[in-house]
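**Q** sequence-free structure coming up:
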């Protein structure tokens, strides 16, 4: 009997739902919450309130604090009876055998334990700790999936210390050459590489970091905070992530001529700062028309700038995003056309050039994984409380989706704030996310068995 | 006989005019050109061509090079029979007695010998060297003005090393407290003050730096390169400066909220960089409608800016100018109104505050001085080759005008470029400017005598 309801301890009800879980299992919200914050003692930083838990995190990849939480992770999953494998990028794969003793690759729940230097307690952390909670719940209930399941802790998702985000899922997926990843240098100490830190902590495993020849995955479910305000603003508690937006990052350099602001008539100027301002304004107008995103995060002028001098050159970035690649391209094309018009609009005109720094096409997650999450969400919160979403940020799941069925679950975070010490996901939302993760994996496992007639 | 035409040596004709000068005197264009460039050996920097004279200048105030050119100046004016006075700010006043032996304050020709760190060979320098050439021409011709005439070299006009521009004419005029000026620190070495450098070079004179109790001036004529392109673009060779524009410098700080560019919908953002861009664009539109100037020279975002983060705060400057103060105020008022609208335009809106950093009301130069320059220009180049102008930049004359009749003569500089190594004024334009300076002073001196019946 798979649903051993008799084994369920009388734990606190999930506040967000009164429906019985399909699996018959209930995660333990208090244990989940305690584990999140207990493990955040490693890397706790940037207090913003009086409670010792009112802090952010600075657990940069492969620091001593990251090594300590990895040690905790290893101990915990081994206690739960998992086998633990570490690959050549330090990615940690905990595997729990299923009842079928199948050799099929495990159904994974994965995310990351590293943080930004001024990060919070939920980004990545929730996904790994909730996965451990799922295994704990299964174990204490005597519940076994058909196929092997497990947890992955991906190395250097943030790219904050070693500057390459989604670094080791990227190597695993074949998107980043391993030597390039190993050679990444600590941004604050160039004598230290990612490889040397893996060695120092004994995390340089022997298993190839490769989706095909290394540790293979049968599926990848990732629970993550939304990092945006949509769920909160629409009153939903679960986002079913259908894929990731396509995005292109461009850098524009606008060339003009430095001139005295008091002695140079407007019609004699080549003012790149004015032109760049008009370009940024119009890029926003264009994005709005396409229901896309266009954002300028970086704006640089020469260091000798002064109030009474027209700058000679201005550089700014443009980040264009939309779930459909053709819309991303259309926004870019319209921006380039409008920018050319603006370049000749004021005074003697300016010139500009641009580079494409990043081209990340849109990603569609796996229909089967999405259906499993949808079944879980429908059952847990009912219609109107979940919604389909597209991930705006990059995640390890973007890389895993290239090699195995993948989808993500989003839960709300307060005001959409992340990468900030005050990042916050409520105990109820953490618990709901973990329960949805459990249900999704159980549903996917069952569906797979039904389909394969195993 | 005042006009001793017999004394005029057969020197090269001024290329820009074939009319006989009213004064009967002709400055020596070659000597002027040689003196400009010979004295530029002190502080020569930033070569841009093969000739040793194809360089800019870095003769910062009260450096050893500035002390050397001041020593040259002192020697030259004493050779010409001038008495030399140095006041408590190191301002140097060379005085040549007139034929009337009047005790009236001298009619001065003034400018400055210090330069920007990446400056040129004409800004300020032309005004002082041309004044010396005027005295040389008068002396070799045996010509004497009725009233005393002379040259002023003002200290620290540029404010590049000790950060206060028009510093010592400002002290002289009572606009800047002397202690504040003395205490200005070298921007590269805070152990050095303007006062300590005056002492080191023996330039800390005993005469008060004060228009009333110190070295008084009866008038102030300043020859200067235009530092703008208007003369060149309109084919004129002399600008008769009627006054200086009013200007106000404001700094705006726009407050928003940092957010992930991939996960934050446009309508959920508080994007200060976008708002600032729209503000800068609209300030230009408003200035155009008023035929005024509005310029943003400085634009700052936090140092942790990144392509995929909406900045939390943006700071930018706004420099508004017009010859009439009421127009400057109208532009400011319209900008503030439009900025308030823009602040609520996108997403969740932004807030902003602002400071008024500089308020420099418009200045009207003296009608008598202007008429003397006009008479000189009309005679030297004829109608259609001179024009009335307003100075866009600040000059020592702005301060002297508060205490004595003042006006300025502008000559063209190539493409309006100044504060740049390639700043250039042709030999013909330098000579024409010096001749106009001579004629203006002679005309003013004669007019004064006629008026006073002396």
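**A** Now that the structure is in, tell me what you want to look at. None of these values were measured; they are calculated from a predicted model.

**Q** Neighbours of residue A:198, how many?
**A** 23 (other CB atoms under 10 Å in any protein chain shown). Just so you know, the C-beta spots here come from the backbone N, C-alpha and C atoms, and that holds for glycine as well.

**Q** Now do the contacts for it.
**A** Neighbouring residues of residue A:198 by CB atoms under 8 Å, 6 or more residues apart in numbering or on different chains: A:62, A:89, A:90, A:155, A:182, A:204.

**Q** Tell me, how many residues neighbour the fourth one?
**A** Okay, so that is residue A:155. By other CB under 10 Å, 31 other residues sit near residue A:155.

**Q** before we move on, what about the last one?
**A** Residue A:204 is surrounded by 18 other residues when neighbours are defined as other CB under 10 Å.

**Q** That one and residue A:87, how far apart?
**A** Look at residue A:204 and residue A:87: by CB to CB, to the nearest Å, they are 9 Å apart.

**Q** downstream neighbour of the helix or strand encompassing residue A:274 in the secondary structure list?
**A** Here residue A:274, judged by DSSP states H and E, is contained in helix A:272-289. Proceeding N to C from helix A:272-289, the next assigned helix or strand is strand A:293-295, under DSSP H and E.

**Q** Moving along the chain from that following strand, name the first helix or strand you hit.
**A** Heading C-terminal from strand A:293-295 (DSSP H and E), you reach strand A:299-300.

**Q** any idea how far the helix holding residue A:274 is from the chain center?
**A** With CA atoms, centre = their mean, to the nearest Å as the basis, helix A:272-289 stands 29 Å off its chain's centre.

**Q** Over to stretch A:205-213?
**A** 22 Å.

**Q** Just the terminal-to-terminal distance for it.
**A** Length of stretch A:205-213, first residue to last, CA to CA, to the nearest Å: 14 Å.

**Q** That stretch: which residues count as buried?
**A** Within stretch A:205-213, the residues that count as buried by 16 or more other CB atoms under 10 Å in any protein chain shown are A:205, A:208, A:209, A:210, A:211.

**Q** picking that back up, compile the contacts of residue A:198 into TSV and extend it with columns for secondary structure.
**A** Shown next, in TSV, are the contacts of residue A:198 (DSSP: H, G, I helix; E, B strand; the rest coil):
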residue	secondary structure
A:62	coil
A:89	coil
A:90	coil
A:155	coil
A:182	helix
A:204	coil
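
**Q** Tell me the one among those nearest to residue B:166.
**A** The shortest approach to residue B:166 among the contacts of residue A:198 belongs to residue A:62, at 56.8 Å (CB to CB).

**Q** Report pLDDT for that closest one.
**A** Residue A:62 carries a pLDDT value of 98.

**Q** what number of residues lie near it?
**A** Residues near residue A:62, counting by other CB under 10 Å: 25.

**Q** Spatially, and excluding backbone neighbours, which residue is closest to it.
**A** residue A:197 (3.8 Å; CB to CB, 6 or more residues apart in numbering or on different chains).

**Q** pretty sure the one you found is touching residue A:64, no?
**A** No: using CB atoms under 8 Å, residue A:197 is not in contact with residue A:64, being 9.9 Å away.

**Q** Between these two, tell me which one has more neighbours.
**A** The residue with more neighbours, out of residue A:197 and residue A:64, is residue A:197; 25 against 12, by other CB under 10 Å.

**Q** Just the buried positions in the lengthiest helix in chain A, please.
**A** Longest helix in chain A by number of residues, with DSSP state H as the criterion: helix A:427-452. For helix A:427-452, the neighbour count (16+ other CB under 10 Å) marks A:427-446, A:448-449 as buried.

**Q** picking that back up, can I get the buried residues of stretch A:205-213 in JSON lines with distance to chain B, secondary structure and pLDDT?
**A** Shown next, in JSON lines, are these (distance: CB to the nearest CB, whole Å; DSSP: H, G, I helix; E, B strand; the rest coil; pLDDT from 0 to 100):
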{"residue": "A:205", "distance to chain B": "31", "secondary structure": "coil", "pLDDT": "97"}
{"residue": "A:208", "distance to chain B": "31", "secondary structure": "coil", "pLDDT": "98"}
{"residue": "A:209", "distance to chain B": "25", "secondary structure": "coil", "pLDDT": "98"}
{"residue": "A:210", "distance to chain B": "28", "secondary structure": "coil", "pLDDT": "98"}
{"residue": "A:211", "distance to chain B": "24", "secondary structure": "coil", "pLDDT": "98"}
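
**Q** returning to that earlier point: angle of the helix holding residue A:274 against helix B:272-289?
**A** Helix A:272-289 and helix B:272-289 meet at an angle of 120 degrees, taking axes from the mean of the first three to the mean of the last three CA atoms, to 10 degrees as the criterion.

**Q** before we move on, back to that, for the contacts of residue A:198, which one is nearest residue B:26?
**A** Using CB to CB, these come closest to residue B:26 at residue A:182, 78.2 Å.

**Q** okay if I get the contacts of residue A:198 as a markdown table plus distance to residue A:52?
**A** Below are these laid out as a markdown table (distance: CB to CB, whole Å):
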| residue | distance to residue A:52 |
| --- | --- |
| A:62 | 25 |
| A:89 | 33 |
| A:90 | 29 |
| A:155 | 28 |
| A:182 | 37 |
| A:204 | 34 |
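
**Q** Residue A:183 versus the nearest residue to residue A:153 once chain neighbours are set aside, what's the distance?
**A** In space, and not counting its chain neighbours, residue A:153 is closest to residue A:92: 4.3 Å by CB to CB, 6+ apart. Using CB to CB, residue A:92 is found at 22 Å from residue A:183.

**Q** again, but for residue A:283
**A** For residue A:283, the distance to residue A:183 (CB to CB) stands at 35 Å.

**Q** who are the neighbours in contact with the residue most central in space within chain A?
**A** Chain A has residue A:395 as the residue nearest its centroid, 3.3 Å off, counting by CA atoms, centre = their mean. Listed by CB under 8 Å, 6+ apart, the contact partners of residue A:395 are A:111, A:157, A:166, A:222, A:224, A:244, A:408.

**Q** quick one: pLDDT of the second one?
**A** The confidence metric pLDDT takes the value 97 at residue A:157.

**Q** Quick check: nearest residue in space to it, chain neighbours excluded?
**A** residue A:112 (3.6 Å).

**Q** which residue of chain A sits farthest from its center?
**A** residue A:263 (51.1 Å).

**Q** got a list of what that one touches?
**A** Each residue near residue A:263 by CB under 8 Å, 6+ apart is listed here: B:226, B:227, B:228, B:391, B:392, B:393, B:416, B:418.

**Q** Export the contacts of residue A:395 to JSON lines and append columns for secondary structure.
**A** As requested, the contacts of residue A:395 are exported to JSON lines (three-state DSSP):
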{"residue": "A:111", "secondary structure": "strand"}
{"residue": "A:157", "secondary structure": "coil"}
{"residue": "A:166", "secondary structure": "coil"}
{"residue": "A:222", "secondary structure": "strand"}
{"residue": "A:224", "secondary structure": "strand"}
{"residue": "A:244", "secondary structure": "strand"}
{"residue": "A:408", "secondary structure": "strand"}
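
**Q** Having no further points to raise, I will conclude here.
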